[in-house]
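Student: Okay, here's the prediction I keep looking at, along with the sequence it came from:
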Amino acid sequence: MLWAPFVFAMSQPYGAGLPQPIPPLPTEAQLRYQDMEIVGFLHFGPNTFSGLEWGKGSEDPKIFQPAQLNCKQWADTFKATGVRGAIITAKHHDGFCLWPTKFSDHTVAQTTWRDGKGDVLADFSQAFKAANLPVGFYLSPWDRNHPTYGTPHYNDVFVNMIDEVLSKYGPAFEFWFDGANGEGPNGKRQVYDWPRFNTMVFSHNKDTIIFSDGGPGCRWVGNESGIASETNWNMLDRDRFEPGTDHSTELGEGHESGTHWVPAECDVSIRPGWFWRESENSQVKSVAQLMDIYLKSVGRGSNLLLNIPPDSQGLLNESDVKRLQEFAQARAAFFANPIWPDSVKASSEFSSQTAVTNIFNARPGNCWAPLESDTEPWIEFTFGPARTPATVVLQEDLHFGQRVKVFRLEEFQDSRWTPLFQNTQDHPKQATTIGHKRIIQIQPKSGQKLRIVFEKFRALPVLRRIQFFGKSS
């Protein structure tokens, strides 16, 4: 059975026995989104058949011929391998629409596939909803085919497309905006009306997570390698950013004093390219590579958006399916050996409602927090013989905001506490922020007594959960 992350109930009462939240705070929809952790990306369209990464927009629609399209196979594969939702490229830069839109002549309706009556988005939405997996949509505002691109009228076209997709195939848990912007056939560069685009998405579902360089729901991590920054704040000075921003180097770490809650999302393809090519069937990322990406994305407090592109038959290729299965097995093995301490104690507890034992209790609303006067709070764990932790998983209770800035792990060895994983600039393994989740691998000598010391924080730490795991067999 796949190891499943703890899912927090989306209600949190605040009272005299609990610390006060420190803004900015996530919405309930953002908390649900962050608990998903791994989502599938599906790049699919004429590029699947042409071999291009960025289509030119002049491709004959008739090249789109996914004769064995089976979105149920996509959904079943994701469901079985712990991928908790999917986002499909409903329209990429070439302007080709995977649904028969009324607002373009470059769509599945202009193909001979299924006699021009096919609708990929309908198949996709139906299959994933039947599997109880949420759906999302990528719509590139850049359109290398549409004749109105580069004119004010094109924004009307694009808004209508958003409305059409969400009306017919939603609701969407996430809507993905790419910031690419090039010249149209008229030589004009489009001025995108981002506020209007966002308003149309929210008019269908105020809880949809809108992705772009600046959110507002979640942000690009700043690279396409699937790697989050060691320091990863969920906060961002959101008003300084929009898709295609010149400030993308700031997106990895976010801003400790940011004005809005905009968590990072790590996008990466399981293959060298984003669209399927037969020549890349032997170049699917290894299990070791995928585990490294997982530990540096989800393990650093971000969501992982893993692209698994359907092939020219309309199926997830067997090479990719096999690797997804192996990746799922590797994650399950990584978390297969939970280790429980014999005892736990803390330097202090904020109140009886925030007892340190709450970090082991999966009941909603449980958390640990120290006293306000505790300037360097800690939690100490004692383990029995032959139970040596190799992995520590920490989670803050984000209902109270993201708080921890610096912490260290220590082992009691030779009558003194020795750092296992210290947060100093000259240390090769820095660990700073925690956020939604921090996964840390350690190599204690005996592992019988460990502690976590919180050195710096925006406000007193509030921990949702701490878990220990032994080495996988």
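Tutor: Everything's here; your move.

Student: Report the spatially closest residue to Pro389, excluding sequence-adjacent ones.
Tutor: Counting by C-beta to C-beta, 6 or more residues apart in numbering, Phe468 is the residue found nearest to Pro389 once chain neighbours are left out, at 4.0 Å. Any C-beta I mention is one placed from the backbone N, CA and C, and that applies to glycine too.

Student: typed the wrong thing, it's Leu450
Tutor: Phe381 (5.0 Å).

Student: ok, that neighbour to Gln441 distance?
Tutor: Relative to Gln441, Phe381 is positioned 16 Å away (C-beta to C-beta, to the nearest Å).

Student: more neighbours, those two?
Tutor: Applying other C-beta atoms under 10 Å to Phe381 and Gln441 shows that Phe381 carries more neighbours, namely 22 against 15.

Student: what's the helix or strand hosting the more buried one in contact with?
Tutor: For Phe381, the element it lies in under DSSP states H and E is strand 378-382. If you take C-beta atoms under 8 Å, 6 or more residues apart in numbering as the criterion, strand 378-382 is touched by 341-347, 356, 359, 368, 448-454, 463, 466, 468.

Student: Buried ones among those?
Tutor: Buried members of the contacts of strand 378-382, counted by 16 or more other C-beta atoms under 10 Å: 341, 344, 346-347, 356, 359, 368, 448-454, 463, 466, 468.

Student: Sheet-wise, list the partners of the helix or strand of the chain with the lowest mean pLDDT with their directions.
Tutor: Using mean pLDDT, DSSP states H and E, strand 416-421 stands out as the lowest-scoring helix or strand of the chain, at a mean of 85. Its sheet considered, strand 416-421 pairs with strand 404-413 (antiparallel) by DSSP bridges.

Student: The partner strand to strand 378-382, inter-axis angle?
Tutor: 30 degrees (axes from the mean of the first three to the mean of the last three C-alpha atoms, to 10 degrees).

Student: Begin at 292 from now on, thanks
Tutor: All right, first residue 292 from here; so that's strand 695-704.

Student: chain center to strand 695-704: distance?
Tutor: 27 Å (C-alpha atoms, centre = their mean, to the nearest Å).

Student: Return the set of buried residues in stretch 520-534.
Tutor: 520, 522-529, 532-534.

Student: Okay, now the unreliable bits of the protein?
Tutor: Along the chain, the parts satisfying pLDDT under 70 run over 292-306, 653, 712-721, 764.

Student: Now render the buried residues of stretch 520-534 as a markdown table, adding secondary structure and distance to His383.
Tutor: Formatted as a markdown table, those follow (DSSP: H, G, I helix; E, B strand; the rest coil; distance: C-beta to C-beta, whole Å):
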| residue | secondary structure | distance to His383 |
| --- | --- | --- |
| Ser520 | coil | 28 |
| Thr522 | coil | 33 |
| Asn523 | coil | 29 |
| Trp524 | coil | 31 |
| Asn525 | coil | 29 |
| Met526 | strand | 31 |
| Leu527 | strand | 26 |
| Asp528 | coil | 30 |
| Arg529 | helix | 26 |
| Phe532 | coil | 23 |
| Glu533 | coil | 20 |
| Pro534 | coil | 15 |
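
Student: can you list those in CSV and add distance to Gln620?
Tutor: Formatted as CSV, these follow (distance: C-beta to C-beta, whole Å):
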residue, distance to Gln620
Ser520, 28
Thr522, 31
Asn523, 27
Trp524, 33
Asn525, 30
Met526, 36
Leu527, 35
Asp528, 41
Arg529, 39
Phe532, 38
Glu533, 41
Pro534, 37
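
Student: Looking at these, which is nearest Ser593?
Tutor: Comparing the buried residues of stretch 520-534 against Ser593 with C-beta to C-beta places Asn523 closest, at 6.3 Å.

Student: Not counting sequence-adjacent ones, nearest residue to that closest one?
Tutor: According to C-beta to C-beta, 6+ apart, the nearest residue to Asn523 is Gly592 (4.7 Å).

Student: what about the residue nearest to Pro680, is that helix, strand or coil?
Tutor: strand (DSSP: H, G, I helix; E, B strand; the rest coil).
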